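# this one's structure only:
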RNA sequence: GUGACCGUAGCUCAAUUGGUUAGAGCACUGGACUGUGGCUCCAGGGGUUGAGGGUUCGAUCCCCUUCGGUCACCCCA
């Protein structure tokens, strides 16, 4: 039996990889402009880190972690999210001595043992951002502004809605929670079984229930926003004022909640209606208690995570490779030897070259060149070799010219540039179909 | 973890109530066309019908199990 990939994981094939490169380069560009620096982290940590950092009673820790014992018997876990690792590194390497806030981003795969579904996988990827050591509401607004800018950069701004809320803090939330539980118990008869159960376990999440029969009760439920203590209310007002000043549109969504106690005040999500049940493309908020909980200084922190698969789904489509500048067709072994050397030289100069291997008929090679979409083809057979010449054929017109074999490299390097030399996206000269060059595409200094 | 639907070639899909050698298009390779592409035609390579078991003279089709996919619940990115 053939070996197949594991459930819930997927390969990112060449047709799709340029989309990911586009995401990654947009992230580096945008986050860099806001002063964020990349941190690269291990994919697994001691299980204890996640158990403490995410919360023992959460679904993630209770049933979704990829946990295993290494050879010494120590319990390790593939990271289900990045925040705990970022903070662990922040504490472990004393990054807290740097000017605050310490602004970090990281990206890569996360692992959760869940049933796969549209926009949800067992190995998935996140872009993760954390601003640590500053509790000013402007940091929340600034981080949200960066998130919005990132999606604007990708052309997705008008397909996403920004929802924000305030979760209060350790002073005002307990009082609200008590009040909410009281209300939910009163109206338990009109709630679904799940909501009745959650009323005791995790009352804030009840507000999240999507079942229509629960809506009337939940819509009338007391709102956390009405219970915010003065400092939290002021904080939320200021966050919104900053967002308004930046011209960022949002809706205050009082159903937006977080499961863990260390989340305080600002919470936000970017939502879409285009991905089925998985409507959150990015989510974040403030978690002032977490650094201390993990054994660090009492530093405040705020941040967000972007689900990369979900962004790629929104971007949609696939890409076709950009054609090389020229296709070299040797006829026979001797010609191949010469053209291989020429190709090596021209590629050194950053010009993409495709090369035949002299094993097929000229006709077949030309057909292949045509299908690759190349503009120029070089033909060198016995005749040309004998004269130290090469034929350069312009495919569209069919016109050919003969050049000295010795100067073929210069001729090829001087071919008009088709691909955009700046971005990761270029248009084919035919105009219709877009093609992609790798984000590492090089333009040689001699040919800007 | 629960539920529904679905697995046939690299891709998109066929295959009479269960019927003998599982087909087509696209893609790939070659030929018609000895060293000159786009069009056309022909041919070829490719499949343990996801896997395992069962019923049957006979299973892609019916049954069971399992793996995977899709969607939803749960939860989240």
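Here it is on my side, so go on. Everything numeric in this text was worked out from a predicted model, so none of it was measured.

# where in the stretch 251-400 of chain A is pLDDT low?
Scanning the stretch 251-400 of chain A for pLDDT under 70 picks out A:259.

# can you list the residues of it near RNA strand B?
Within the stretch 251-400 of chain A, the residues that sit near RNA strand B (Cβ under 7 Å from any atom of the strand) are A:259, A:269, A:276-283, A:305-307, A:309-310, A:331, A:360-364, A:366-371, A:379, A:381-384, A:391, A:393, A:395-398, A:400. Heads up, the C-betas are built off the backbone N, CA and C, glycines and all.

# Give me the subset of these lying in helices.
Mapping these onto helices (DSSP state H) picks out A:309-310, A:362-364, A:366-371, A:382-384.

# Mark which of those are buried, thanks.
A:309, A:310, A:366, A:368, A:369, A:384 (16 or more other Cβ atoms under 10 Å).

# From those, pick the one nearest residue A:263.
Nearest to residue A:263 among those is residue A:310, at 21.4 Å by Cβ to Cβ.

# got the contact list for that closest one?
Contacts for residue A:310 (Cβ atoms under 8 Å, 6 or more residues apart in numbering) come out as A:119, A:272, A:275, A:278, A:280, A:281.

# Including neighbour count, could the residues you listed go into a markdown table?
Below are these laid out as a markdown table (neighbours: other Cβ atoms under 10 Å):
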| residue | neighbour count |
| --- | --- |
| A:119 | 22 |
| A:272 | 20 |
| A:275 | 18 |
| A:278 | 15 |
| A:280 | 17 |
| A:281 | 26 |
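
# Out of these, which is nearest to RNA strand B?
Distances from RNA strand B to these, taken as Cβ to the nearest atom of the strand, are shortest for residue A:280 (3.2 Å).

# Who are the contact partners of the closest one?
Neighbours of residue A:280 in contact, by Cβ under 8 Å, 6+ apart: A:269, A:270, A:271, A:307, A:310.

# Quick check: which element contains residue A:409?
Here residue A:409, judged by DSSP states H and E, is contained in helix A:408-413.

# what's the closest non-adjacent residue to the one residue sitting closest to the centre of chain A?
Geometric centre of chain A, nearest residue: residue A:308, 3.4 Å, by Cα atoms, centre = their mean. Once flanking residues are discounted, residue A:308 sits nearest to residue A:125: 3.9 Å by Cβ to Cβ, 6 or more residues apart in numbering.

# Looks to me like the one you found is in a strand.
Yes. Looking at residue A:125 with DSSP: H, G, I helix; E, B strand; the rest coil, it is inside a strand.

# Which SSE is immediately downstream of the helix or strand harbouring residue A:150?
Element membership of residue A:150, judged by DSSP H and E, is helix A:137-153. Next helix or strand after helix A:137-153 toward the C-terminus (DSSP H and E): strand A:161-166.

# That next one to helix A:137-153, inter-axis angle?
Per axes from the mean of the first three to the mean of the last three Cα atoms, to 10 degrees, the angle that strand A:161-166 makes with helix A:137-153 is 170 degrees.

# Could you confirm whether strand A:161-166 reaches RNA strand B?
No. Judged by Cβ under 7 Å from any atom of the strand, strand A:161-166 stays clear of RNA strand B, getting no closer than 10.9 Å.

# Residues touching that strand, excluding its own?
Applying Cβ under 8 Å, 6+ apart, the set of residues contacting strand A:161-166 from outside is A:144, A:148, A:224-225, A:228, A:232-233, A:235-236, A:239-240, A:243, A:248-257, A:265-272.

# I only care about the residues you listed that end up buried; give me the ChimeraX line for that.
In ChimeraX syntax, the buried subset of those is picked out as below (16+ other Cβ under 10 Å):
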select /A:144,148,224,225,228,232,233,235,236,239,240,243,248,250,253,255,256,257,265,266,267,268,269,270,271,272
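
# So which of the contacts of strand A:161-166 sit within helices?
If you go by DSSP H, the contacts of strand A:161-166 have A:144, A:148, A:232, A:233, A:235, A:236, A:239, A:240, A:243 in helices.

# Which positions in the stretch 51-200 of chain A make contact with RNA strand B?
Residues of the stretch 51-200 of chain A lying close to RNA strand B (Cβ under 7 Å from any atom of the strand) are A:58-60, A:64, A:81, A:112, A:114-121, A:124, A:126, A:194, A:198.

# From those, keep the buried residues only.
Those of those that meet the buried threshold are A:58, A:60, A:64, A:81, A:112, A:114, A:119, A:120, A:121, A:124, A:126, A:198, by 16+ other Cβ under 10 Å.

# Could you check how far residue A:63 is from residue A:115?
11 Å (Cβ to Cβ, to the nearest Å).

# can you pull the pLDDT of the nearest residue to residue A:251 once chain neighbours are set aside?
Ranked by Cβ to Cβ, 6+ apart and with sequence neighbours excluded, the top spatial neighbour of residue A:251 is residue A:163, at 5.6 Å. For residue A:163, the pLDDT comes out at 95.

# roughly how far apart are residue A:163 and residue A:232?
Applying Cβ to Cβ, the value for residue A:163 to residue A:232 is 18 Å.

# same thing with residue A:137?
Counting by Cβ to Cβ, the separation of residue A:137 from residue A:232 is 10 Å.

# Please apply the same query to residue A:103.
Distance check for residue A:103 against residue A:232: by Cβ to Cβ, it reads 24 Å.

# got it, and residue A:352?
The spacing between residue A:352 and residue A:232, counted by Cβ to Cβ, is 57 Å.

# So residue A:404 is in contact with residue A:384, correct?
No. At 10.4 Å, residue A:404 does not count as touching residue A:384 under the criterion of Cβ atoms under 8 Å.

# So chain A: which segments form each domain?
Domains of chain A are assigned by automatic domain parsing as A:17-172+A:228-315, A:326-427.

# which residues sit in contact with residue A:317?
Contacts of residue A:317 were listed using Cβ under 8 Å, 6+ apart, and they are residue A:19.

# Give the helix, strand or coil label for it.
Residue A:317 carries the three-state label coil when classified by three-state DSSP.

# Now do it against residue A:290, distance only.
Applying Cβ to Cβ to residue A:317 and residue A:290 gives a distance of 38 Å.

# what does residue A:72 give?
28 Å.

# Settle it for me: which of the two has more neighbours?
Using other Cβ atoms under 10 Å as the criterion, residue A:72 and residue A:290 rank with residue A:290 on top: 26 against 5.

# residues contacting the residue lying closest to the more buried one once chain neighbours are set aside?
With sequence-adjacent residues excluded and distances taken as Cβ to Cβ, 6+ apart, residue A:290 is closest to residue A:262, at 4.7 Å. Neighbouring residues of residue A:262 by Cβ under 8 Å, 6+ apart: A:287, A:288, A:289, A:290, A:293.

# Nice, that's everything, thank you.
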